[in-house]
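> Let me see the structure of the following:
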Amino acid sequence: MLGLFQKKPVDFFSAEEKAVVTTAIQLAEQRTSGEIRVYIENNCPAAEPLERASAIFQELKMNETLARNGVLVYVAMKDKKLAVYGDAGIHEKVGDAFWQEAVSKIVLHFNKQNYSEGIAGIVHGIGEALATHFPYVAKDDTNELPDEIVFGK
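The predicted structure is shown next:
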């Protein structure tokens, strides 16, 4: 019975906060051919959030971008777990240190319960890296993946 009264992940964010995150994704993608997605759920069913992020990355078909430059920001709200998962194309350009620094920055916001600001900030940083290594070329670029936040269970 208790499960019926738990917050859904979508309820952690107001309409304005959702708009902040979606706008951050859209602005970041205006400067790059890369793709950024945000996935939020209550609990992380995997032992490690990076393992869960990898599975969701595949489910969302983010591994099918032309340049292999998709990046997923994964957050399990109740478990307080997060991960940033980048495809092979962007990972080979930025390396592990970039992802670790990105997670450290978002944790600072999350510790203050500034969830949408933290996610928007990390999206901006990811967008900068993507723009550096995969700049936007108007004649070649298409938005390969939706920009909206994906809410799981």
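> Can you list the residue ranges for strands in this protein?
Using DSSP state E, the strands of the chain run over 35-41, 70-76, 81-86, 150-151.
> so where's this protein uncertain?
1-10, 139, 141, 143 (pLDDT under 70).
> Who is the residue nearest to the spatial centre of the chain paired with across the strands?
For the chain, Val73 is the residue whose C-alpha lies nearest the centre (Cα atoms, centre = their mean; 2.2 Å). On the basis of DSSP bridges, Val73 is bridged to Val38, Val84.
> Hmm, Val38 and it touching each other?
Yes. Contact criterion Cβ atoms under 8 Å: Val73 and Val38 qualify, at 4.7 Å. C-beta coordinates here come from the backbone N, C-alpha and C atoms, glycine included.
> which residues are common contacts for these two?
Ile119, Val123 (Cβ atoms under 8 Å, 6 or more residues apart in numbering).
> ok so, going back, wait, which of the strands of the chain is closest to Gly95?
strand 81-86 (9.7 Å; Cβ to Cβ).
> what angle separates the closest one from strand 70-76?
Computed by axes from the mean of the first three to the mean of the last three Cα atoms, to 10 degrees, the angle separating strand 81-86 from strand 70-76 equals 170 degrees.
> mind listing the helices for this protein?
Using DSSP state H, the helices found in the chain span residues 15-29, 49-59, 88-111, 115-133.
> can you tell which of those is closest to Lys81?
When the helices of the chain are compared (using Cβ to Cβ), the closest one is helix 49-59, at 4.0 Å.
> count of residues packed around the residue found closest to Asn42 once you drop the neighbours it is linked to in the chain?
Leaving aside its sequence neighbours, Asn42 sits nearest to Lys78 (Cβ to Cβ, 6 or more residues apart in numbering; 4.5 Å). For Lys78, the neighbour count with other Cβ atoms under 10 Å is 13.
> Pretty sure Lys78 sits against Phe12.
No. The pair formed by Lys78 and Phe12 falls short of the contact definition of Cβ under 8 Å, at 9.1 Å.
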